[in-house]
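# What follows is a protein structure lacking sequence information:
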């Protein structure tokens, strides 16, 4: 076995035994080598398969032992690339993954165990020293991306001479900046030199900061990340044929749409680009990425900015220089508070979200074969489309008149057509979806429904009347759900013959995008109803948190308290521009008044009034918010994102202004108090559920971790409540 130190181009590292000891519970991804005789007389390929011994539900990752296994495989392969190998000589090296998975990057379960920068630097150097060998073997290397390729998995593919991809691949991405890291095993250097800086920065920066967006196989191919694309059924066979043609020097059967890296590396991998790329194009792409990141984070998280810096410098660096810079950046970030916070948030969304705290036995869930929706407004239409797409069962909407019903159905049909035009669904799927959704002016259409959800005007008496009408026509075992954002589910169900079958099922807007559903247990809700609601949420591919029936539940209660304190500062005389940017250092996804516009002043006022009635000692209704609603203001900003002058006039006045720091501290202290009270009331089972709700429902940034550990770290929890949330 070659010693790791001998493979480090950037200085000495730690021994193999020390590095592997850092990840004591690593699930090792093994590199399994077999010979494949290529067609057309193209010779023998040594094909490496990455496999951790589990099925696709546990993707292959790279910890130290996995990297060393891959290095050993490459050692054996390298010995067969020269003519001296005789009959055992190979003409190419290929790498692919187990079924449905190529590789999904570094083993994040061990990242939290790294205790020093020296250890972090050793991990970075080990990854580079292994992956870079795919470009140094003396024979062409091919990555056959048969499944998900994330982070280090994608970087491994980039080190190869050529890449093919399956059209069925669901996820190609660099999610590192979403977590507080950066692509540190070649990604920031190799990708911009392959597909250009603008597209590379979309993958490295824009996508992870946009709710961790992923590319599908055809999108990755269109960008030029892959040189050829084949269908899943015969992907490997077609990839081997394609590789054989390349090795013979013939024209390849297909190349991607025009891009810089068509079917070959854009420049020799160790060469600075010099004049190959117009300087202004590279600089413009970097500047645009910085502007985008500033708009998202306001400088609050270091990882994306470090990644942008590395891409900016990649244009004129050699490969060794680029990789060494990645090592240093990765070493800094692997021991940062930001990564620890990001890993906590990631763990919540990957584990706790899948095992709902307090959930009843899932065997109690009843099947849902038809869904009814009361209302045909925008929210109802979004919900209907989601049910039809995910459950693939008939969905029927009702409303008060034909015009409203037609508008709702028209919106759904337009959204289905949009999905088809963008290639998200096939023409046949679009036709099936359209056929699943229908409308009715009478609730008799719900007679055979298993799950009926109302999405009507947010007023208790209206919802009570709706439920009474629905109960009169549905079967005894039909679940009745409400999408209310703040009202009492218990009160809605109080007059029904069977209140035990009523639950809250609170979506967040936009329904298709926001991953959270707050499932609300009212006073009489039984376990079968809850189990059915949670099963439906899972089938919709939503993350559910079980909450007690309490005004505004979790997310809206906390956001209303947070926004209420900031509005109170404006009421007192704090200039709008000061209050607007007071929380910027947190890197929240939206400033307070952008959030107010997204929610809508009238909706925010209604929720505020509900909470003020329930908790008058802590929630007050802003006079200036009332004035905005009374003036009919639905938007606060002009198209250039300056505050509308008429809105600014309403928000002006007051003689007790606060500084930005005072506004921020006041709002955060209010959050700490409200979370403590919420937990004391048993609205959710634990602080982790508050964190999960805020991450999934309010976009609380991954780089801050959950809201409760952030308030603990900053000392605010102890200052306000006496003890931290997480002991």
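Great, that's in hand. Quantities reported herein were computed from a predicted structural model and do not represent experimental measurements. Numbering: from 1, shown residues only.
# from here on, contacts and neighbour counts on C-alpha atoms
Fine.
# was I right about residue 238 contacting residue 232?
No - using CA atoms under 8 Å, residue 238 makes no contact with residue 232, being 9.7 Å away.
# Contact partners for residue 212?
Taking CA atoms under 8 Å, 6 or more residues apart in numbering as the criterion, residue 212 is in contact with 175, 178.
# From residue 699, how far off is it?
12 Å (CA to CA, to the nearest Å).
# Please apply the same query to residue 294.
For residue 294 relative to residue 699 (CA to CA), the value is 16 Å.
# Just grab the bridge partners of residue 507 for me.
Taking DSSP bridges as the rule, residue 507 bridges to residue 517.
# Count the neighbours of it for me.
The tally of other residues near residue 507 (other CA atoms under 10 Å) stands at 25.
# low-scoring stretches of the stretch 251-400 of the chain, by residue?
251-279 (pLDDT under 70).
# What segments of the stretch 451-600 of the chain are helices?
Assigned by DSSP state H, counting those that start in this stretch, the stretch 451-600 of the chain shows helices spanning 460-471, 489-493, 527-539, 555-572, 576-581, 592-599.
# export the ones you listed to a markdown table and tack on mean pLDDT?
Listed next are those as a markdown table, based on pLDDT from 0 to 100:
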| stretch | mean pLDDT |
| --- | --- |
| helix 460-471 | 97 |
| helix 489-493 | 97 |
| helix 527-539 | 98 |
| helix 555-572 | 96 |
| helix 576-581 | 93 |
| helix 592-599 | 89 |
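# Can I get those helices in TSV including distance to residue 428 and mean neighbour count?
TSV is the format used below for the helices of the stretch 451-600 of the chain (distance: least, CA to CA, whole Å; neighbours: other CA atoms under 10 Å):
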stretch	distance to residue 428	mean neighbour count
helix 460-471	33	18
helix 489-493	39	24
helix 527-539	22	22
helix 555-572	38	22
helix 576-581	47	19
helix 592-599	35	18
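# mind putting those helices in JSON lines, distance to residue 112 included?
JSON lines is the format used below for the helices of the stretch 451-600 of the chain (distance: least, CA to CA, whole Å):
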{"stretch": "helix 460-471", "distance to residue 112": "47"}
{"stretch": "helix 489-493", "distance to residue 112": "41"}
{"stretch": "helix 527-539", "distance to residue 112": "29"}
{"stretch": "helix 555-572", "distance to residue 112": "28"}
{"stretch": "helix 576-581", "distance to residue 112": "33"}
{"stretch": "helix 592-599", "distance to residue 112": "33"}
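# Quick one: closest of these to residue 158.
Across the helices of the stretch 451-600 of the chain, residue 158 has its closest neighbour in helix 527-539 (35.1 Å, CA to CA).
# Can you tell me what sits against the closest one?
359-368, 390-391, 479, 500-503, 505, 517, 519, 521, 543-544.
# at 6 Å instead, please
360, 362, 364, 365, 366, 501 (CA atoms under 6 Å, 6 or more residues apart in numbering).
# These, buried ones only, as a PyMOL selection?
Here is the PyMOL command that selects only those of the contacts of helix 527-539 that count as buried (16 or more other CA atoms under 10 Å):
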select buried, resi 360+365+366+501
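# Kindly reformat the contacts of helix 527-539 as TSV containing distance to residue 614.
Shown next, in TSV, are these (distance: CA to CA, whole Å):
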residue	distance to residue 614
360	29
362	33
364	34
365	33
366	34
501	25
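# Pick out the most distant pair among the contacts of helix 527-539.
Going by CA to CA, the pair spanning the contacts of helix 527-539 furthest: 362 and 501, at 15.8 Å.
# what's the burial count for the spatially closest residue to residue 685 that is not a sequence neighbour?
Excluding the flanking residues, the one nearest residue 685 by CA to CA, 6 or more residues apart in numbering is residue 357, at 6.5 Å. Using other CA under 10 Å, the number of residues around residue 357 comes to 17.
# can you check the one 4 residues further on too?
The burial metric for residue 361, expressed as a neighbour count using other CA under 10 Å, is 11.
# how near is it to residue 685?
Noted for residue 361: a distance of 17 Å to residue 685, by CA to CA.
# Please apply the same query to residue 510.
Distance of residue 510 to residue 685, computed by CA to CA: 26 Å.
# So which of these two has more stuff around it?
residue 685 (18 against 12).
# Model confidence for residue 643, exactly?
In this model, residue 643 is scored at 86, pLDDT.
# For the residue lying closest to it once chain neighbours are set aside, grab phi and psi.
Excluding its sequence neighbours, the residue lying closest to residue 643 (CA to CA, 6+ apart) is residue 637, at 4.5 Å. Note on residue 637: backbone dihedrals following degrees, to the nearest 10 are phi -110, psi 150.
# What is the burial count for residue 637?
Neighbour count for residue 637, taken as other CA under 10 Å: 16.
# and what of the one 5 residues further on?
Here the number of neighbours of residue 642 (other CA under 10 Å) works out to 11.
# Using the three-state scheme, assign residue 169.
With DSSP: H, G, I helix; E, B strand; the rest coil as the basis, residue 169 sits in coil.
# thought it was touching residue 217?
Yes - counting by CA atoms under 6 Å, residue 169 sits close enough to residue 217 to count as a contact (4.7 Å).
# more crowded one of these two?
Higher neighbour count among residue 169 and residue 217: residue 217, with 26 against 23, using other CA under 10 Å.
# mind listing which of the contacts of helix 527-539 are in helices?
Applying DSSP state H to the contacts of helix 527-539, no entry is found in helices.
# Tell me the one among the contacts of helix 527-539 nearest to residue 431.
In terms of CA to CA, no member of the contacts of helix 527-539 lies closer to residue 431 than residue 366, at 28.0 Å.
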